[in-house]
Structures are given as C-alpha cells and as structure tokens.
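Colleague: the amino acid sequence is not available; the structure is as follows:
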C-alpha cells in the first residue's frame with residue numbers, strides 16, 4: 001500500500017501553483033488551490049488536494065472532494081480530474097488508488113504528497129465517483145459528454161482582439177454603448193446587483209438557485225487570481241451580470257446572466273467584451289497568454305449557438321463516473337418545474353449542494 005504524507009498548506013500551495021504555472025496544457029481556474037478552503041468553509045466538505053510524485057518529481061495534481069455522498073472532482077465547477085504532464089498515467093486508476101488510500105489510512109482533509117503506483121488497479125467498493133475533465137483524457141474510462149467549453153484566445157491588446165471579432169459582433173458592442181449601457185466591476189459591494197440579475201434569470205429558466213451566501217463565500221475565499229463581479233446597468237438598473245475568475249492565464253465567466261426583456265440592447269455581447277477588456281489590461285503585467293472561457297454548454301444548444309458567433313474553439317468535456325448523476329439531475333429538473341416559486345427560493349440553496 002502507498003503512504004500519503006500530509007504537507008503544510010503553505011508549502012503545498014506554493015508547489016501546486018509552481019506546477020500549474022509551468023504547464024503548457026490548459027489549466028482551468030478550478031485547479032486554483034484556494035478552492036480547498038472554499039469547500040471546507042462553505043460546504044463543510046472534506047477536500048483532499050493531492051500532489052503526485054514520480055521519482056521525487058511532481059508529475060501531476062488531483063483535487064478531490066468527499067461530499068459525504070460521493071467523491072467529486074470538482075463539485076460545482078466544470079473541470080477537475082488529474083492534471084499531469086505524463087501521458088502514460090492512467091487517470092482513472094490514479095483516482096481509484098488515491099480514494100482507496102485515503103479511506104484505508106482514514107485521513108483528514110488536507111494537502112498530501114503521494115508517489116504514483118503504476119501497478120495499482122480497480123476502484124474502491126461502495127464509493128460513488130464523479131469526475132469531469134476538460135479535453136482528451138487518454139483513458140477509456142472517461143466518456144465524451146454532450147458538453148463543450150468555448151475558449152476565446154485573446155490577442156496581445158484590446159484593439160487587436162476587437163478587430164479579431166466579426167464586423168457584426170463589433171457593431172453590436174458599439175450599439176450597446178450607444179444604447180446607454182454602463183458597466184461596473186468589483187467585489188462583494190456588487191453582490192446584490194449581481195444577484196438581482198442572476199436570481200431573476202434563474203426563475204425565468206426554472207432552474208435551481210444558489211443562495212447569496214454561496215457567491216459571497218466564494219469571492220471572499222478566492223486567491224492566486226481574480227474573482228470579480230461584473231454588472232451591466234441601463235438607466236441605473238442592473239440588466240446583466242457575471243462572476244468571472246482567473247487563474248494564471250485562464251479566465252472564465254463562471255456565472256453569467258442577462259434579463260430577457262433587455263437582450264435587445266445587446267447586453268450579453270457588451271458584457272463579455274467588457275470582461276475581455278479588463279483581463280487584457282490586467283494581463284499585460286503578467287505577460288502570459290490569455291484564454292477567455294465562455295463556460296460549458298450543451299453541444300448544438302441555443303446557448304452554444306450564441307457562443308459560436310464569437311471566435312471560440314470548442315473543447316469537449318469528458319466524464320468518469322460509476323453512478324448516473326445525470327439521470328438524478330434530470331428527475332430533479334422535471335420535479336423542480338412544478339414546485340411553487342416561494343418554495344424554490346427556500347429549497348434551492350439546500351438542494352443544489354449535491355448537484356455537481
């Protein structure tokens with residue numbers, strides 16, 4: 001059996017950030033180690049952030065969370081699994097191996113170092129596992145999902161990036177400014193304005209809502225990158241909002257909403273462009289390539305069709321799971337549509353915890 005050795009948080013985070021910054025492959029924001037604290041403080045879950053070693057060299061990372069009902073990488077965010085520069089590693093075996101060791105050693109949450117055992121096989125019994133990763137996984141246990149993420153590779157400056165857009169998209173962004181839209185970005189001082197748009201849009205979609213405390217705790221705990229609210233206003237009223245985060249050069253609007261009755265003012269296009277502009281200016285000091293992610297959506301859906309009028313590269317998401325979470329979500333979705341709104345507002349933050 002392997003032995004997982006606990007590392008002090010500060011030194012582990014330093015090693016973690018150094019490894020992610022050195023990677024030539026995509027490193028999504030969800031590999032930011034500050035999410036460890038968010039999962040502990042907000043959900044009271046048990047996160048295990050694993051640094052994988054081979055011959056005394058870090059060869060990969062695995063952020064893993066025990067929610068009490070399943071082992072997930074990563075809950076509430078689109079991308080997790082094993083991040084590695086070693087294509088020979090069988091990721092599903094590594095995941096199973098680490099869960100088995102955590103259970104066998106009865107380890108508390110923390111950052112751990114482990115040597116990779118290439119001979120380990122099989123998954124732990126009676127343990128639910130759900131892993132969702134971005135891009136090809138070189139592992140037959142991962143199945144391509146119906147979800148894709150649209151990535152916009154930003155140019156060196158705002159002018160060059162803007163002229164990379166289609167003439168029609170540039171026209172809409174200019175028109176939005178002529179329509180009188182103004183924009184703000186910041187921290188928790190914009191939470192109420194952000195949430196007013198988010199919650200109304202969720203009601204319109206008849207989806208399950210996060211509580212305001214979720215967003216407050218997330219933005220307060222996020223480090224090693226930016227986490228900011230962006231809000232679009234028309235005549236002083238919030239009509240579009242987003243929570244956008246960055247880690248190294250990867251930027252994603254994790255939550256994005258506009259009010260349906262104001263979409264004729266091109267709020268979405270203008271808000272996306274404002275976020276691109278902000279991070280282009282910010283990125284000049286970091287001197288690293290910037291990728292703006294529109295987040296995940298279903299292939300060929302109306303949402304994805306909208307994203308396609310931006311110059312995006314579509315990257316598929318792959319899933320490794322031993323239980324049917326998607327079926328559970330489908331059943332809840334059908335039930336949710338017939339529940340009265342006043343009950344949804346109360347139940348939403350409690351139900352959504354386990355919708356990964």
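Modeller: Here it is on my side, so go on. All of these numbers come straight from a predicted model, not from anything done at the bench.
Colleague: from here on, contacts and neighbour counts on C-alpha atoms
Modeller: Noted.
Colleague: centroid residue for the protein?
Modeller: In the chain, the C-alpha nearest the mean C-alpha coordinate belongs to residue 77, at 3.7 Å (CA atoms, centre = their mean).
Colleague: from residue 22, how far off is it?
Modeller: Distance, residue 77 to residue 22, using CA to CA, to the nearest Å: 23 Å.
Colleague: then residue 324?
Modeller: In this structure, residue 324 and residue 22 are 35 Å apart, going by CA to CA.
Colleague: and for residue 41?
Modeller: Between residue 41 and residue 22 the computed distance is 29 Å (CA to CA).
Colleague: what about those two, which has more around it?
Modeller: Counting neighbours by other CA atoms under 10 Å for residue 41 and for residue 22 shows that residue 41 has the greater number, 14 against 10.
Colleague: for that one, phi and psi?
Modeller: The phi/psi pair for residue 41 (degrees, to the nearest 10) reads phi -80, psi -40.
Colleague: at which residues are the strands of the stretch 201-350 of the chain located?
Modeller: Listed in chain order, the strands of the stretch 201-350 of the chain (DSSP state E, counting those that start in this stretch) span residues 227-234, 237-247, 250-258, 291-298, 313-321.
Colleague: for the record, mean pLDDT for the first one?
Modeller: For strand 227-234, mean pLDDT rounds to 98.
Colleague: and it with strand 250-258, angle?
Modeller: Going by axes from the mean of the first three to the mean of the last three CA atoms, to 10 degrees, strand 227-234 is angled at 40 degrees with respect to strand 250-258.
Colleague: biggest helix in this protein by residues?
Modeller: helix 267-286 (DSSP state H).
Colleague: what is that helix packed up against?
Modeller: Using 3 or more CA pairs under 8 Å, 6 or more residues apart in numbering; DSSP states H and E as the contact criterion, the elements in contact with helix 267-286 are helix 158-164, helix 167-178, strand 227-234, strand 237-247, strand 250-258.
Colleague: please name the nearest non-neighbouring residue to the residue nearest to the centre of the chain.
Modeller: residue 30 (6.7 Å; CA to CA, 6 or more residues apart in numbering).
Colleague: over to residue 56?
Modeller: Skipping the residues right next to it in sequence, residue 56 comes nearest to residue 115 by CA to CA, 6+ apart, at 7.9 Å.
Colleague: one step back: what is the neighbour count of the residue nearest to residue 77?
Modeller: Other residues lying near residue 30 total 22 when counted by other CA under 10 Å.
Colleague: for it, helix, strand, or coil?
Modeller: On the three-state scheme (DSSP: H, G, I helix; E, B strand; the rest coil), residue 30 is labelled helix.
Colleague: give me the pLDDT value at it.
Modeller: Each residue has a pLDDT score; the one for residue 30 is 96.
Colleague: pretty sure it contacts residue 76?
Modeller: No. Applying CA atoms under 8 Å as the test, residue 30 and residue 76 come out as separate, 9.7 Å apart.
Colleague: what comes up buried for stretch 56-63?
Modeller: Within stretch 56-63, the residues that count as buried by 16 or more other CA atoms under 10 Å are 58, 59, 60, 61, 62, 63.
Colleague: now do the contacts for the closest residue to the third one other than its chain neighbours.
Modeller: Sequence neighbours aside, residue 84 is the residue nearest to residue 60 in space, at 4.0 Å (criterion: CA to CA, 6+ apart). Residue 84 sits next to 59, 60, 61 when contact means CA atoms under 8 Å, 6 or more residues apart in numbering.
Colleague: all strands in the stretch 1-150 of the chain, in order from the N-terminus.
Modeller: Taking DSSP E, counting those that start in this stretch as the test, the strands found in the stretch 1-150 of the chain are 5-7, 46-54, 57-66, 71-73, 83-84, 110-115, 129-134, 143-153.
Colleague: what would these look like in JSON lines with distance to residue 198?
Modeller: Written out in JSON lines, the entries for these read as follows (distance: least, CA to CA, whole Å):
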{"stretch": "strand 5-7", "distance to residue 198": "39"}
{"stretch": "strand 46-54", "distance to residue 198": "28"}
{"stretch": "strand 57-66", "distance to residue 198": "26"}
{"stretch": "strand 71-73", "distance to residue 198": "25"}
{"stretch": "strand 83-84", "distance to residue 198": "31"}
{"stretch": "strand 110-115", "distance to residue 198": "33"}
{"stretch": "strand 129-134", "distance to residue 198": "25"}
{"stretch": "strand 143-153", "distance to residue 198": "21"}
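Colleague: make JSON lines out of those strands and add mean pLDDT and distance to residue 294.
Modeller: Formatted as JSON lines, the entries for the strands of the stretch 1-150 of the chain read as follows, by pLDDT from 0 to 100; distance: least, CA to CA, whole Å:
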{"stretch": "strand 5-7", "mean pLDDT": "96", "distance to residue 294": "35"}
{"stretch": "strand 46-54", "mean pLDDT": "96", "distance to residue 294": "26"}
{"stretch": "strand 57-66", "mean pLDDT": "96", "distance to residue 294": "23"}
{"stretch": "strand 71-73", "mean pLDDT": "96", "distance to residue 294": "20"}
{"stretch": "strand 83-84", "mean pLDDT": "95", "distance to residue 294": "21"}
{"stretch": "strand 110-115", "mean pLDDT": "95", "distance to residue 294": "30"}
{"stretch": "strand 129-134", "mean pLDDT": "94", "distance to residue 294": "13"}
{"stretch": "strand 143-153", "mean pLDDT": "94", "distance to residue 294": "5"}
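Colleague: out of those, flag the one nearest residue 216.
Modeller: Between residue 216 and those, the shortest separation by CA to CA is 19.8 Å, and it involves strand 46-54.
Colleague: tilt between that closest one and strand 110-115?
Modeller: Computed with the same axes, to 10 degrees, the direction of strand 46-54 lies at 20 degrees from that of strand 110-115.
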